[in-house]
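Enquirer: Sequence and predicted structure are below.
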Amino acid sequence: MQLNRRTARETVMIALFALELSDNSLEHIIETVIKKRLSADVELQKFAEKLFLRTVRDKNELDEIIGGFVTNWDIKRIATIDRCVLRMGLTEMMTFEDIPTKVSINEAIDVVKKFSTHKSGNFVNGILDPASKKLIEEGKIVKQGTGLIDKTLPKEE
């Protein structure tokens, strides 16, 4: 298996899913899921651990953000995999300054398509895209570096 950030994101989704469905400790899940699946690449392990731990740490805030974009729908009714991917995507957008927002959204869509239903890609995109715009306006997404800032030009009137 070729290891890359997509593999790391898929591994984090599996780890988040395992955490949702088990009583295992964070340490146990890191050892048995993240380190085991990414053992050939220490840098990807670090990336995956950081993404996993930040997502777990910010779960309540992430659920609040997601809840703001699902009308008349309790977040607990969202499919577990979809919920895990939404949390992970938001975490990546908000806490990894070096990853463009569009990359985080596209990666989340691809991961959810692989592990969930055929409609999940559109569902995840329908939440992450408007959430990213709102979070940028609120200053909760800050990107550093050339090519990382989405500079949409205002329309001429």
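Expert: Ah, there it is.
Enquirer: Surely residue 30 is in contact with residue 52?
Expert: Yes: at 7.0 Å, residue 30 and residue 52 qualify as touching, with contact defined as Cβ atoms under 8 Å. To be clear about C-beta, it is placed using only N, CA and C from the backbone, and glycine gets the same treatment.
Enquirer: With neighbour numbers in mind, choose between the two.
Expert: Taking neighbours as other Cβ atoms under 10 Å, residue 30 and residue 52 compare with residue 52 leading, 25 against 18.
Enquirer: Can you tell me the element the more buried one falls in?
Expert: If you go by DSSP states H and E, residue 52 is part of helix 42-57.
Enquirer: Report the distance from that helix to the chain centre.
Expert: 11 Å (Cα atoms, centre = their mean, to the nearest Å).
Enquirer: gap between the two ends of stretch 54-61?
Expert: Taking Cα to Cα, to the nearest Å, stretch 54-61 runs 11 Å from one end to the other.
Enquirer: What residues sit buried inside that stretch?
Expert: 54-56, 58-59 (16 or more other Cβ atoms under 10 Å).
Enquirer: Check stretch 108-126 too.
Expert: Going by 16+ other Cβ under 10 Å, stretch 108-126 has these buried residues: 108-109, 111-113, 115-116, 120-121, 123-125.
Enquirer: on that earlier part again, list residues touching both of residue 30 and residue 52?
Expert: Jointly contacting residue 30 and residue 52 under the rule Cβ atoms under 8 Å, 6 or more residues apart in numbering are residue 15.
Enquirer: Where does pLDDT dip in this structure?
Expert: Scanning the chain for pLDDT under 70 picks out the ranges 1-2, 145-157.
Enquirer: can you give me the helices in it?
Expert: 5-21, 26-29, 36-37, 42-57, 59-67, 80-95, 101-115, 120-137 (DSSP state H).
Enquirer: Send me the second one as PDB with only the CA atoms.
Expert: In PDB, the C-alpha atoms belonging to helix 26-29 read as follows (Å, rounded to 0.1, in the frame of the first residue of the first chain):
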ATOM      1  CA  LEU A  26      -7.200   7.300  22.700                       C
ATOM      2  CA  GLU A  27      -3.800   5.700  23.200                       C
ATOM      3  CA  HIS A  28      -5.200   2.300  22.300                       C
ATOM      4  CA  ILE A  29      -6.700   3.600  19.100                       C
END
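Enquirer: The buried residues of stretch 54-61 into JSON lines, with extra columns for distance to residue 11?
Expert: As requested, these are arranged in JSON lines below (distance: Cβ to Cβ, whole Å):
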{"residue": "54", "distance to residue 11": "15"}
{"residue": "55", "distance to residue 11": "12"}
{"residue": "56", "distance to residue 11": "14"}
{"residue": "58", "distance to residue 11": "19"}
{"residue": "59", "distance to residue 11": "18"}
